[in-house]
Each structure stands twice: as C-alpha cells, then as structure tokens.
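1. fold the following.
(2 chains)
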Amino acid sequence: MSSNVAGVLAVALLVAAIWVTYRPLGDYMHRTYTDQRHLRVERWIYRATGVNPDAGQRWPVYARSVLAFSLVSVLLLYLLERIQAHLPWNLGFSGVAPPLAWNTAVSFMTNTNWQAYSGESTMGHLVQMAGLAVQNFLSAAVGIAVAIAVVRGLARRRAPVASGAGSRDDVMGTGDELGNFWVDLTRTTIRILLPICAVAAIVLIAGGAIQNLHGNRVVDTLTGGHQAVTGGPVASQEAIKELGTNGGGFYNVNSAHPFENPTSWTNLFEIYLLLAIPFSLPRAFGRMVGDRRQGLAIVSVMAVLAIASFAVGAAFQAVHHGTVPTAVGAATEGTESRFGVPNSSLFASATTLTSTGAVNSFHDSYTSLGGASLLFNMMLGEIAPGGTGSGLYGMLVLAVITVFVAGLMIGRTPEYLGKRIGSREIRFAAMYFLITPILALLGTGVAVGLPGERASMLNSGAHGLSEVLYAFTSAANNNGSAFAGISVNTTWYNTALGLAMLLGRLLPMVFVLAMAGSFARQHPVPVTAGTLPTHRPQFAGMLGGIAVILVALTFFPALALGPLAEGIHA
Amino acid sequence: MSTTLTAGHEPDTGPDDGVGGPSRHEGPRGPRRIGGGMLDPRQLWHSLPDALRKLDPRTLWHNPVMFIVEVGAVFTTVLAVGDPSVFAWLITVWLWLTVVFANLAEAVAEGRGKAQAAALRRTRTDTVAHRLTGWSPGDQPNDISDVPAPELARGDLVVVSAGETIPGDGDIVEGIASVDESAITGESAPVIRESGGDRSSVTGGTKVLSDQIVVRITQQPGESFIDRMIALVEGADRRRTPNEVALNVLLAALTVIFLLAVATLQPLAAYTKGLQPAIPDSSTLTGHGITAIVLVSLVVCLIPTTIGALLSAIGIAGMDRLVQRNVLAMSGRAVEAAGDVGTLLLDKTGTITFGNRQARAFLPVGGSGGAGGSGGVAEGGGTSDLMLADAAQLSSLADETPEGRSIVVFAKERYGLRERAPGELRGATFVPFTAQTRMSGVDLIDPDDPATAASAASAVSGIGWVDGGVRQIRKGAASAVVAWVRAAGGTIPDELGEIVDGVSASGGTPLVVAEIAGRGPHPQARVLGVIQLADVVKTGMRARFDEMRRMGIRTVMITGDNPLTAKAIAEEAGVDDFLAEATPEDKLALIRTEQANGTLVAMTGDGTNDAPALAQADVGVAMNTGTSAAKEAGNMVDLDSDPTKLIEIVEIGKQLLITRGALTTFSIANDVAKYFAIIPAMFAGVYGGLDKLNIMRLATPESAILSAVIFNALVIIALIPLALRGVRYVPSSASALLSRNLTRYGLGGIIAPFVGIKIIDLLLQFIPGVG
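-> Residues are numbered from 1 along each chain as shown, chains lettered A, B, ... in the order given. The predicted structure follows:
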C-alpha cells in the first residue's frame, strides 16, 4: 500500500471515528454540565476547597476565578521546576533556570505547551507528573469550562419578569450567571478528561508506549557505543497531551519518539484523541442552546476548514518540485519514515488546527507553502476545531462578528441565537479578535527589529522570518508547536514568548466571558421569518469565509515576506 | 367627520415652501419601493466648501478612519515637499482627495437638510402673539397684550384670528378654525382644528385661515415643533445610533489590525532588504524598509475607508428619506428600531379599511308585503333587489355621510340606477338623521295629480307607486326601523331577523329599509330589505401583509368592533391577528406582552388616549392631525397623517442598516484586490517570485500603488449616490436578502477593484515618472 493511499484511508478513518463519537461525546458533555447532582468525589473536593457548588457566578466572578486559578497554577508549576533538585524522582536534574521555568510554567498553564527545553534532559519524573501532567489536565479543563460558560451566556433564557425560583434550566440559577467555574473545572477533569485518558493510556500502552518510573538506562548500541534511554510515565502523559490538545511531549521529539507514538495506528489514535473533544463540543453547544442544528453548523465550518487546510497542506508536501521530493514522490525531509509523508502532514495539520502543538515530524523542514499552511492554521485563531474549549469560543466569537455583518445586510439589529449584538457585545468580540494578531505580529516585528534577537535566527532570509513568525503565532495562539530553527531558550525569547502565551490565553478568555455576560443579561428575541438563520449552509459558508478573509488580510504582508517569498518561484 | 389628510392627494405644483415639498409618495396603493433621494451632481459642487471646512482635524477626529487618512495625507505632503517626485505628489494629492470625498459625502447629505431647514426658518418669523390674561373658557377675549412669539411660555393663552400665524405649539381651548399647515406638511388643503377631541392641536408657524381660536401654548420657548424639525433636518443634534456605534467599534478594530499589520511589516521588510544589499533601492523599498509614502498608501488602502467615509452620510440620508416622506423621526434610534420591528399594530379604520363603511349588498326581504297585492309590488309578493335598491337610493340622496354616498354609488354601479339630484324629485322632503329617530329618509308627496306623478315616477325608477299619494321611505338601525314599521301597523317578516344577524356576523352593519306607502288614512307599512354596509379593505393590503410576513413581521389589527366582525375583516385583509373591542388599555397591554417576549412593536396613533401606548411602543408614529399629547408621546410624527406609512418607515429602517452592512462588506472585500496590487509592487524587487502575485499585470510598482489609492478614493465618490439613496430593499426572507447582498457587495466587492485598479493602471502608465 502506497503511503498516499494509506494517508487517504487514514483521513477517512479519522472522519468516520469523529463522526461516530460526535453525538455520544457531545451529549455526554452536555449532560455533564447540566447535571444537577454532584458526584461524591466532587462533593469532597468542594468541601475541601470551600466551594459552594450551587452558587452561580456572574461573568466578572467567573473571569476572576479563571484568572486566580491560572495565577496559582503558574506559581505552583514555577516553584516545582525551581526546586526540582530537592524533589524525589528528579533523575539527577537540577532546578530549572528562572527564564525557562517561567516560560514552561506559563506554557503549560496556558495549554500552549511550547517547550524551550528537552523533556528527557531537563525534567524529572515528579515535575513531569505532578507539574506538567497536572497542568495538562487543568489547562484543558479551564478552556472547556470557559467555553461552557460562554455557551451558557448565549443559551440563558432569562424570564422577562423576575419570577423568583422558577424553572431551573441549568444547574446555576436563573439570573445572568454563567455557571460556577470551580464546578465546571472539577466536572471536566473528573467526568470527562480522567476517564477517557485512563482508557487512552491503556490503549497506548497496548500499542507499545511505555509507562514506568525508570530513570536513564544506558544501553550498548549495535555500533558499540553507549546510549542513555530515558524511561518514564509516558503513556499516561501522552493520553492527556493529545486529549487536552496540550502537545507538550515527554521527549524532545514529541510524538515522533517511538516510546510516545510507537506505530502508525497509535499515530492515528493520537490524532483522533486530539480532535475528539474540540469536534464534539459543538454538539454540547447545540444541545445547551436548545438547537442541535446550531452545533452542526459550527462543527461543519470547523470540519470544512480543517479538511480543506489539510488537503492544501498535504498537496504542497506531495507536489513540491525540489530534487529529492521529485525523486521520492514527496517532501520526506523531517518526517518519520514509520508514518510517511501523508500521515505526517495529517498529524501536522491536526496539531496546528487544534492548538495542540504535538508534532510527529519536523515542521521547519516542510515545504515553504506546506509550512505556510500550518502557519495559516494557527493564524485562523485555533478555531477549526481549535483547542479544547478555546476552539469553540473562538469560533463563537467569529460567529458573532459574522452575524453582525450579515445581520446588517438583512436590515435588522444583528442577533445570534436570539441575543442582540450591540456595541458592547461587538466591542468584546473585536477585542478578542484583536489580541492574537497583535501579539503575533508585534512579537515578530520586534524580534526581527532587534539585532540581538535577529541573531537567534539560525536561518536567514525568508525562512528565518517564517521561523520567527511561526514561534510568535504559535505562542500567541497557544499552539505550542515550533518551526524550530531559532534558539528560543534565551532570556528574551523565553520572556517574550511567555508573555505572548499568557496574554494570548487570558485576555481573550476575559473578553469572551465579558461578551457572554452581556448575552446572559439579555432576554432573547423570538425567531421570525426575518431572523437570519444561523444553522444553514449559507451562514456556515459566510462564517468560514469571514474567518479565512480576515486572517488572510491580517497576515498576508507577513506571509508574503516569509513562506510566500520562499515558496513562490519566479 | 374626519379631517385626516390622507395620502394620495395630488402633489402641490405651486411654489414649494414646505419641508421636503409636498408629499410625493405614492401612497399604499400599487407597487412602490423605497427609493428616492437621487443625487444631483450640482450638489457635490455646492457642498465642496463645507467639505473643505470639515478638513479641520478637530471635526474629523470624530471619524477615526478618515482622521488616520488625513494624518497620512499630512505626512506624505511633508515628504513630498522634502523629496518631490511625480509619484509622491500624485499619492499626496489623491490621499487628500480621499478625505475630501469622504467629507463631501457627509456635506451633501447635510446640505439637503440645510435647504429644508432654511425653508422652515422662514416660517418662524417675527410672529406677534396676542396673549390673554385672566381668561377662562366662555369669556370674551378682552385683556390682550401683544408679545413677541419667542417670549411665550408654556401654559400661556393666546388668541389667533383669521389671517394670523399661530405663534407656538399648543392646543385649542376654544373655537374652531381652518388652518393652513402647508408650512409643515407641504399640503395646501386647509385642515379643521377645533377645541376638544383629537383635532385640537395646532403647530406654531401655521396659519389660521378663518375664524378665531384661543390656544394654550404647550411648548417651552425655543422647543417648538418647528425648532425640533429644523434641528432634525440639519442633523444638528445627530447622535450616533446604537447600531452605528457598534459598527464603528468593528471598523476601529479592523483599522487597528491593518495599522498593526503594516507597522510590523516594516522591520521585516528592512531585514529582508538588508540581506540583499546588491538589489538597488527602489521607490517602494530601500535599505530602511518600505518607503514612507508606500507605507501610508498601504494603510489607507487597507483600513475600511469606503464605509468610514460614507457611514455618517448613510445615517443622515436615512433620516432625510423619512423627511421626504413627510415623517419626522425624533431620533435616529427610532429609525433603526423601525427596521427591527417584529409586530405592527395597525388601526383597522383608515389603515386597513377605508375610513368608512360602504354599501356592499342590497338584501331584499322575500316574503314581505303584508296584505299583498298593492299596485306595483312584484308578483311574487316579495321585494326585488331593484326595488330595494331604488328605495335605498331615494332614502340616501340627501345623505351626505360617506355611508349614504356609498349607497347611491353602489345602486348606480350594481343596478344602473342613475343618481337623481335632490331637486329632481318634486315634492320630496328629505328627513335627516337624528340621534332620536336613528333613521333618515325621504317623504315623497305628489303635489299635482297623484296618479300621473306616480306613473311618471314609475317610469323613472321602474317601481310602481302605491296608488299615488304619500310614500315615506326610511333607512336606519334595525330596531328603529322595525319600531317605525310596527307603529304604522306593518308586520315584520321573520326573515328580517335572520338577514340582519347574518350581516352582523359577516362583519357588516345592517341598515333596514322600509316604506309606508298609500293613500288615505291607512297606508301600508312594510320592510323592504336590508342594506349591507361593510368595511372595505383597501386594495393591495393582503399583498402587503404577505410581504410583511416574509420579512418576519406580524401584523395585528386593532379595532373597536366586536370579535366576530373583527375576525371577518382580519381574515379578509390577511392580517396575522386582531384585537377586537380594543380599549387604549388593551392596546398598552398588548404592546407590553409583545415586548416582554422580546419583540419590538410599532404603532400609529393620534388621540390623547393613544399617548401611553405610543410612548410604550418602540416605534410610535403620531399623526400630525392628532393631539399634542400623542405627538409628544410618539417618537415619530407623520405630517401626512397616513397610518399606512408605518410600513414604509419599517422599510426605511431596514434599508438604513442594509446600506451600512453592504458597504462594510464591500469595503472589506476590496482589500483583497489591493493586496494583490501593492504587495508585489513592494517586494517583487527582492523576491522575483512575488511578481506572480501581480495577477493584474500592473505596469510598474508606482502605477500599481497609485492605482490602488486612486481606486480607493474614487470608489467613495462612486458610492455617494448609493449611500444617499440606500441599497434597494425588496421585502423578502432573511436568507434571500443575505444571498443577494452577499453576492452583490461581497463577491462584487472582491471583483470590482480588480477591474477598477487595472483600468486606472492602464491610464496611469502613460504618466512619466509613474508608468
């Protein structure tokens, strides 16, 4: 079987798998967030942390909870890294240097998982498990929690007159509350992430991924040399790395490492894991707003963008006209021979489309336009389907902007799901939309403008620019994959990229929660023939179009000097 | 009777000193689309001085997009002065033109209002008011002091006599007068204003033509209706509407993004060029990066200048379109709300049906005739249609009420009965309607020879006389006529009750026709039949309501009729719902219920008891003929007092938003082509491959950039007419509208600049230093 046929089959299998789990997983998430009861273990947690799980939070409280939790997460992880030398299972590694510790702490808290270090030569098992893996769960859960809060804002059907304790359509009261962050966080972790990860880890172990607490084992190689092979709790970390769209590998080469991703079917399984939740959340969204077609419309836009992007990216990998690619039929440089070009392209597209950032091949070695397609995936703002939670709320913000423009064109004050989009809502949507392009472009501009930072570029010219652009786009969009090719473990890059990750994560969350708070206060407008239907292909098409055009217009000049200059030949 | 000025009057062809001239709308009949407000090229020229005045940065600051363009223009001017070149100067000139064109759009829109305001100001001349002191209704106006009109305070009483101008807004407290309101409405026919009731309000600046009235001033000094109109049409207190604010936020965000995309491009470009020092500097790219002029050009081309330039003109023109239809909106917010209306409350009378009921059928009583065999009665013993029609017509000849006229007309149309002039019938005495008798009719007594007169009359009418002598015909309310027949000894056929009930059930009003005819002391009294009066639904209403339904607007008919009648008319007219036996409280409650469900409600009203509902409604259109209270409560006033205009107001509201949305989409879509012009122009020198992006094959980098800048400026001028006129609006479903506008302004917005820029480039290439 040629690798191209294998690639097509892999995609077909993947689409089928997501198709099959879209409904049950989405419905399960819907049940999770609308359930009135608490599990016993959850009640223990609430009691221990002093949380009243039945108290609803208005958007400022919800946002403050997110921010406070994120701050504590960063501090704890930073502390853990710094005192690694004094911790058990440190494999003899010393504490992590402050700039790198900051960068890594922020990176894992923000679900970016940008790694300016090599896992096997920097982090001991305890930091990996208690620090990084824990953040893998929690950062994913925070993203989902915020997405659910935003959906609640849209779904909230407030009684026009204060009717007291009337029908409780949701677990959290009838006012303009968005839910309770602590409950959402706990439920996501306990009811969704942990069970799936337990199963996924076992599947990965069955596939050959390792799971132990070994330190470095020195083995004799065939050529007579010695090599230290690091063992560790890899499978468990791998499961949440993909499921939570985190991407921080146990090993430096990430999913290209045979202990993380042993076979081509585990490769496919990992891709499925990283797509599963982002693609199923729209179903939960549709259920929560009481119209499953709305979820279907959103997921369709995600799917069409994803498939189109993959097709374009894979095509650029396959048709590149360099000497070697022509000889072997595809651009094989930087890919794992176990997976082949199509499955590498598939992984690369999936990981950049989902803000995961795990890699099974070397993105820097992709063809210029193939690399550009990966860049473009991230520039879309991680919405197709995007990260766990962040993909959904990013897409909803775009939907709000699309509805605004479309609504004007049909002559009504625009409304989405019965909620009017006034200046307050559009202000928050616009600020959300502004953040990541600002961070990515500003970071790139400054880095290229500073002579010292320019020196970090290992490649010069267009490719060098692509690398810097990729780094900041990846950080600002909380993707975490790297083009590599620049020495980023410098104080400046660690700090700047850390800031990009932090602001790129938290500011949009605050803005989107504020927007949801505005929506939650509104009493919905009834649907009439004059209402713009947002579940039809027409709207889905416009949403996809606006996403692509806005991104293209924003990044076209930068792309022109980077991958386009490199890829388009005279 | 109603003095309502209805739409459809002939346009006044005389000198036009009113606001926006006479009502030129075509009324509710026949297909009409919102349009109007064509641009006269001379207006552009006349508005140029205003446009130049608006270059003042303190004014322009309120429009961030254009302000940035102006800053860029100043910057390039400085550069062009320091380092002159054809390219630099051409760019500079066109950047300035971009700003001027934007100002021109606004100035033209405002200019139309100013002309109207000037006309209005003329009416606000130095009127002298005759103020009364110590006067109470019924007194002779004695204690009069003359004061200038502007000194009148609220509550003052003034007396206005024939030929004088009313000094301020108020309500008539005594008297009745015909008033020429053409200064405000543009309608030359005088209207009647009288104390009490719903026609008591008068407007300052209008003229009393006859009689004398005492008016209680209801305005504060300087806040008269005309003052407000002037402010409105001038756009003096124009505040941004919520939707405009929201759109501005989006435009600002886009501007920030594009500014940033261009600003961060500079280090990248400098780095790129720095790596290839062998490539000579060009007019677009040097070792320091992109040249400042090109950078400014890029920013101006990318930021949404098209919509930024036209946004305020669209808003002003929208208000103007209303004024042209003789509607004054008290705020732009109300106009916008009109586009969002989900429920229209329409008064039945005058809006859905003609103001008065009309004869629809003559229903003869079949078996009447009592003792039978009187001379000319048809053989069957019953009354024929024709006999009934004739009797009905005779009884209505002198009846000047619209109902009475409609009977005569109907008899002529249906039965070919010639209308007889009242004087034509000798010996006829007409009996007018009184509240006591509740009947009207005619007594025919032949003064000459009864027999010959009778036969002569028969020849005319085709109906036999009862042996000459006396013939009394009456028509009126069933109970009154029945009592009249009984008193004269006649019998009432059982059938009558059924016919009367049937007419009522179908939504009509039954009028019973009876006669007493015969010679001698015992003439025959008998019931002839029933005239069915019914509301006549205006033609084309059903089609309009269907249109409304497609737009997602629910129509509710409000009527004082009983539910049965209301239902019949509602079905005939095709409204979605009706409110029967409606009281003002019911109306208010209905509005509140609709609003609680999140629906915006529009209504019209004129009476004082409509005021609470008008105030509660999201769009409350008060009739100009209505009371001051109604006009105060509503947020729009229709000077033509045409209730169907609500439908047009909704369309104008929608059109306003659509125009904004369409031009925003167009503006953003334009950027695609501009990139394809400018990016290769900047970088093809260092990366030859990027010349492949020059898909328009523009001649030189300079001509490419200049073409984009010129297109960007010209498109503003090209779209001014569209901004003023508004995008054509055809009522249809949301999806259909979106598809249409997306294709036209989205797809069109992508394609048009490719063509436009290429054409401009073809011309520019002949300019030395550019081509």
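
2. now the strands for chain A?
-> Using DSSP state E, the strands of chain A run over A:216-220, A:226-230, A:415-416, A:419-420.

3. buried deepest among those strands, which one?
-> strand A:419-420 (a mean of 25; mean count of other Cβ atoms under 10 Å in any protein chain shown). Just so you know, the C-beta spots here come from the backbone N, C-alpha and C atoms, and that holds for glycine as well.

4. indicate the residue of the stretch 401-550 of chain B located nearest to chain A.
-> Taking Cβ to the nearest Cβ as the measure, the stretch 401-550 of chain B has B:R550 as its residue closest to chain A, at 5.9 Å.

5. low-confidence ranges, chain B, go.
-> B:1-39, B:123-126, B:186-187, B:198, B:235-238, B:355, B:367-383, B:421-426, B:446-469, B:519-522 (pLDDT under 70).

6. in it, which residue sits furthest out from the middle?
-> Distance from the C-alpha centroid of chain B, by Cα atoms, centre = their mean, peaks at B:A278 (68.4 Å).

7. from B:T700, how far out is it?
-> 21 Å (Cβ to Cβ, to the nearest Å).

8. is it possible to get TSV of the strands of chain A that adds mean pLDDT and distance to A:V15?
-> Below are the strands of chain A laid out as TSV (pLDDT from 0 to 100; distance: least, Cβ to Cβ, whole Å):
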stretch	mean pLDDT	distance to A:V15
strand A:216-220	86	40
strand A:226-230	86	36
strand A:415-416	92	28
strand A:419-420	92	32
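
9. so which of the ones you listed is nearest A:V199?
-> A:V199 lies closest to strand A:226-230 among the strands of chain A, at 25.4 Å (Cβ to Cβ).

10. how about residues contacting that closest one?
-> The contact list for strand A:226-230 (Cβ atoms under 8 Å, 6 or more residues apart in numbering or on different chains) reads A:91, A:120, A:214-221, A:251.

11. nearest to chain B among these?
-> Nearest member of these to chain B, counting by Cβ to the nearest Cβ, is A:Y251, at 33.6 Å.

12. A:K241 is in contact with the closest one, correct?
-> No - A:Y251 lies out of contact with A:K241 (Cβ atoms under 8 Å); the separation is 11.1 Å.

13. the spatially closest residue to A:R521 that is not a sequence neighbour and A:F511, how far apart?
-> The shortest distance from A:R521 to any non-neighbouring residue, by Cβ to Cβ, 6 or more residues apart in numbering or on different chains, is to A:D176 (4.5 Å). According to Cβ to Cβ, A:D176 stands 17 Å off from A:F511.

14. re earlier: who's more crowded, A:Y251 and A:K241?
-> A:K241 (30 against 20; other Cβ atoms under 10 Å in any protein chain shown).

15. what's the weakest-modelled helix or strand in chain A?
-> helix A:323-328 (a mean of 71; mean pLDDT, DSSP states H and E).

16. now it - C-alpha only, CSV.
-> Extracted in CSV, the C-alpha atoms of helix A:323-328 (Å, rounded to 0.1, in the frame of the first residue of the first chain):
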residue,chain,number,x,y,z
THR,A,323,15.2,17.4,-6.4
VAL,A,324,14.7,15.0,-3.6
PRO,A,325,10.9,15.4,-3.3
THR,A,326,10.6,14.8,-7.1
ALA,A,327,12.8,11.6,-6.8
VAL,A,328,10.9,10.1,-3.8
